[in-house]
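[1] got a predicted model here, sequence first, then my questions.
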Amino acid sequence: MSVAAPEANGAARPEAFDPGSGLEAMLTVREFEAVAQRKLDPVHYDYIAGGSRDEVTVRANEDGFGRLSLLPRVLRGSAQRDLSVTLFGGQSSMPVLISPTAFHRLVCAEGEIATARAAARAGTIMIASMASTVAVGEVAAAARAAAGDGDPTLWFQLYLQPDMDDTTALIARATDAGCRALVVTVDSPVLGANERNQRNNFDDLPPEMACENLRNLRGDEPGNVRQIAMSPELSWEHIDWLREHTRLPILLKGVLHPEDARIAIAHGIDGLLLSNHGGRQLDTVPATIDLLPEFVAAVDGSVPVLLDGGVRRGTDVVKALALGAAAVGVGRPIVWGLATAGEEGATRVLELLRDEVDHTVALCGARGLADLTPDLVRPAAGSRR
Ligand SMILES: Cc1cc2nc3c(=O)[nH]c(=O)nc-3n(C[C@H](O)[C@H](O)[C@H](O)COP(=O)(O)O)c2cc1C
Ligand SMILES: CCCCC(=O)C(=O)O
């Protein structure tokens with residue numbers, strides 16, 4: 001191990017990490033960001049780390065977990081703790097999924113192939129971004145090959161295209177690849193304003209990469225990022241259209257208002273991913289963990305509620321599950337893992353989170369995820385909640 005001993009105050013010193021020394025020297029998700037920052041082109045680092053405008057929401061997501069405490073129970077635990085969850089018929093070995101993030105080839109040569117292998121090895125669900133730099137069919141094939149006898153679950157994140165023929169072609173690609181759900185991102189009527197990207201003039205992929213799901217979609221499209229249309233005119237009618245044009249379960253990603261959650265259920269959607277896009281769309285929206293209790297109350301058990309944004313520790317996962325989430329997603333942590341060491345790095349991030357979740361469940365006196373109930377979560381001292 002070449003990571004130096006922790007400081008007296010317990011702070012890790014990730015700058016001392018030498019990838020040659022083995023990933024077991026990496027003990028926390030946060031250390032991966034520090035290594036990724038050192039390794040990546042600063043323009044690409046900014047694209048990933050950044051959010052919109054003042055990045056108030058980026059910070060709020062992580063801070064929100066910090067303002068909550070866990071209040072454990074005692075003398076009722078179990079040596080066998082099952083962390084698995086079943087979502088729309090697909091199993092995940094733990095309640096941590098891979099949220100969709102674009103452009104994995106920017107950070108590692110194999111791109112989403114590496115991510116798919118890491119997800120399959122960890123037995124967790126990967127949500128492939130529509131803006132992936134490897135076509136969804138190849139991502140699915142990589143997951144199957146890595147899973148051996150396992151049955152990997154891949155979902156496809158979709159930006160509904162105002163040209164419904166494009167949307168139809170994208171759904172066909174995802175369905176043919178064997179994706180088991182569509183995760184429709186609805187928080188992007190227009191693209192968020194990432195001022196880091198504007199300063200860096202980052203608005204497209206390098207010429208050797210493309211959004212492969214967009215390539216030759218209906219003609220000879222090159223797979224440019226700009227082919228992805230964001231439209232403020234999308235409406236619930238488009239969701240109804242989608243409901244009629246696919247048998248796959250549909251989740252909406254990026255619904256924040258409880259009233260919209262109720263409307264979504266009325267339109268027959270199958271699940272909700274409570275997300276503010278990692279603070280990359282509208283800035284100053286609340287942390288997702290802060291919205292969760294009201295959101296779960298509005299959904300009232302009709303469909304599973306997933307959450308992403310700021311999840312960095314097993315304690316964050318347990319807080320979200322205790323407050324009613326069926327599972328959580330991680331975005332940046334996976335990209336930091338890929339940037340650090342490709343498939344192995346992403347695998348290590350997932351395994352660290354799994355170990356932390358299991359450890360936290362044990363320390364909470366819980367036998368499994370069903371024992372994680374809202375009474376275990378309290379406002380932290382000094383927080384105004
Ligand atoms: C680099 C990056 C790219 C992303 N790309 C997409 C995308 O293509 N589609 C999408 O719906 N969300 C995208 N997201 C948002 C993530 O799905 C997720 O909501 C967010 O990253 C969760 O917050 P976290 O990064 O704090 O875990 C992206 C986020 C990041 C950081
Ligand atoms: C057009 C690609 C959008 C990727 C994305 O959603 C993000 O960077 O947050």
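    Received it, and whenever you're ready, just let me know what you need. Ligands and ions are numbered 1, 2, ... in the order given.

[2] quick one, helices of this protein?
    Under the criterion DSSP state H, the chain carries helices at the ranges 29-39, 42-49, 56-66, 112-122, 136-147, 164-176, 195-200, 236-245, 258-266, 288-299, 314-322, 332-363.

[3] what does this structure put close to ligand 1?
    48, 61, 99-102, 129, 131, 157, 185, 253, 275, 277-278, 280, 308-311, 330-332, 335 (C-beta under 6 Å from any ligand atom). C-beta: built from backbone N, CA, C; applies to glycine.

[4] could you pick out which of the residues you listed are near ligand 2?
    The residues of the residues of the chain next to ligand 1 that also fall near ligand 2, by C-beta under 6 Å from any ligand atom, are Ala102, Ala131, His277, Arg280.

[5] neighbours around the last one, how many?
    The reference is to Arg280. If you count neighbours by other C-beta atoms under 10 Å, Arg280 ends up with 23.

[6] thinking again about what came up before, out of the helices of the chain, which gets nearest to Glu221?
    Proximity to Glu221, assessed across the helices of the chain by C-beta to C-beta, is greatest for helix 164-176 (9.2 Å).

[7] may I see the buried residues of that closest one?
    Applying a neighbour-count criterion of 16 or more other C-beta atoms under 10 Å, one finds Asp166, Thr167, Thr168, Ala169, Leu170, Ile171, Arg173, Ala174, Thr175 buried in helix 164-176.

[8] ok, for the fourth one, nearest residue in space, not its chain neighbours?
    Spelled out, it's Ala169. The shortest distance from Ala169 to any non-neighbouring residue, by C-beta to C-beta, 6 or more residues apart in numbering, is to Leu217 (5.0 Å).

[9] separation between that neighbour and ligand 2?
    Relative to ligand 2, Leu217 is positioned 14 Å away (C-beta to the nearest ligand atom, to the nearest Å).

[10] out of the helices of the chain, the one nearest Gly382 is which?
    The closest of the helices of the chain to Gly382 is helix 56-66. By C-beta to C-beta, the value is 10.7 Å.

[11] now for the closest one, which elements pack on it?
    Counting contacts by 3 or more C-beta pairs under 8 Å, 6 or more residues apart in numbering; DSSP states H and E, helix 56-66 packs against helix 288-299, helix 314-322.

[12] now do 6 Å
    Contact analysis of helix 56-66 by 3 or more C-beta pairs under 6 Å, 6 or more residues apart in numbering; DSSP states H and E lists helix 288-299 as its packing neighbours.

[13] what is the mean pLDDT for the helix it packs on?
    Helix 288-299 shows a mean pLDDT of 98.

[14] buried residues of that helix, list them for me.
    Thr288, Ile289, Asp290, Leu291, Leu292, Phe295, Val296, Ala298, Val299.

[15] closest to ligand 2 out of those?
    Nearest to ligand 2 among the buried residues of helix 288-299, counting by C-beta to the nearest ligand atom, is Thr288 at 14.9 Å.

[16] what separation is there between that closest one and Thr373?
    Thr288 sits 20 Å away from Thr373 when distances are taken as C-beta to C-beta, to the nearest Å.

[17] how about Cys364?
    Distance, Cys364 to Thr373, by C-beta to C-beta: 10 Å.

[18] who's in contact with the residue nearest to Thr373 when sequence neighbours are not counted?
    Nearest in space to Thr373, with sequence neighbours left out and distances taken as C-beta to C-beta, 6+ apart, is Ala322 at 6.0 Å. With contact set as C-beta atoms under 6 Å, 6 or more residues apart in numbering, Ala322 has these partners: Leu372, Pro374, Leu376, Val377.

[19] show me where this protein dips below the pLDDT cut-off.
    Applying pLDDT under 70 to the chain flags residues 1-21, 384-385.

[20] contacting residues around the residue of it found nearest ligand 1?
    Relative to ligand 1, the nearest point of the chain is Gly331 (2.1 Å; C-beta to the nearest ligand atom). By C-beta under 6 Å, 6+ apart, the contact list for Gly331 reads Ser99, Thr101, Gly278.

[21] try it again with 8 Å
    Shown in contact with Gly331 (C-beta atoms under 8 Å, 6 or more residues apart in numbering): Ser99, Pro100, Thr101, Gly278, Asp308, Gly309.

[22] next one: Glu344 relative to Gln80, how far apart?
    Taken as C-beta to C-beta, the span from Glu344 to Gln80 is 28 Å.

[23] which of the two has more neighbours?
    Glu344 (18 against 7).

[24] next, count neighbours for the closest residue in space to the more buried one that isn't next to it in sequence.
    Excluding the flanking residues, the one nearest Glu344 by C-beta to C-beta, 6+ apart is Leu23, at 5.9 Å. Each residue near Leu23 was counted by other C-beta under 10 Å, and the total is 19.

[25] now do Gly148
    Gly148: 9 neighbours (other C-beta under 10 Å).
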